[in-house]
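# Next comes the sequence, and after it the predicted model I'd like to discuss.
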Amino acid sequence: MPGLLRGVARTAVVAGTATAVSNRVSRRQQGRWAQQEYQEYQEAPPQPTPAAPPPPSAAPSADDMSGRIDQLKQLGELKAQGVLTEAEFEEQKRRILG
């Protein structure tokens, strides 16, 4: 009987140690993944996508022209901030001007 008890105790110790090691490895790995995701987010935060301006009307009025000028100014600001690339800026400008 003492041999059986010793075997059961040894098995319990081994199983407990294996569980503790496994849990520690899992926590360390999850910590590394979280740190990698955080670093990737800090390096390249998501950029907001600019809203497309409304399509131009057929006959521009004075109010419409001032609205187009305001849209062009906003596009210029977005380009200066780096939100729009040169190609995106040119495309949006063509849409506004017709």
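Good, I have the coordinates.
# after the longest helix anywhere in the chain, next one along is what?
Counting residues, the longest helix found in the chain (DSSP state H) is helix 2-43. Remark: after helix 2-43, the chain's next helix or strand is helix 62-81, criterion DSSP states H and E.
# quick one: whichever helix or strand comes after that next one to helix 62-81, angle?
Using DSSP H and E, the helix or strand that follows helix 62-81 towards the C-terminus is helix 86-97. Counting by axes from the mean of the first three to the mean of the last three Cα atoms, to 10 degrees, helix 86-97 lies at 170 degrees to helix 62-81.
# for helix 86-97, packing partners?
Taking 3 or more Cβ pairs under 8 Å, 6 or more residues apart in numbering; DSSP states H and E as contact, the helices and strands that helix 86-97 lies on are helix 62-81. The C-beta positions use only the backbone N, C-alpha and C, and glycine is treated the same way.
# The helix it packs on: which residues count as buried?
Buried residues in helix 62-81, counted by 16 or more other Cβ atoms under 10 Å: Gly67, Arg68, Gln71, Leu72, Leu75, Leu78, Lys79.
# possible to save these as JSON lines with pLDDT?
What follows is the buried residues of helix 62-81, written out as JSON lines (pLDDT from 0 to 100):
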{"residue": "Gly67", "pLDDT": "83"}
{"residue": "Arg68", "pLDDT": "85"}
{"residue": "Gln71", "pLDDT": "88"}
{"residue": "Leu72", "pLDDT": "87"}
{"residue": "Leu75", "pLDDT": "86"}
{"residue": "Leu78", "pLDDT": "87"}
{"residue": "Lys79", "pLDDT": "87"}
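# Many thanks, I have nothing further to ask.
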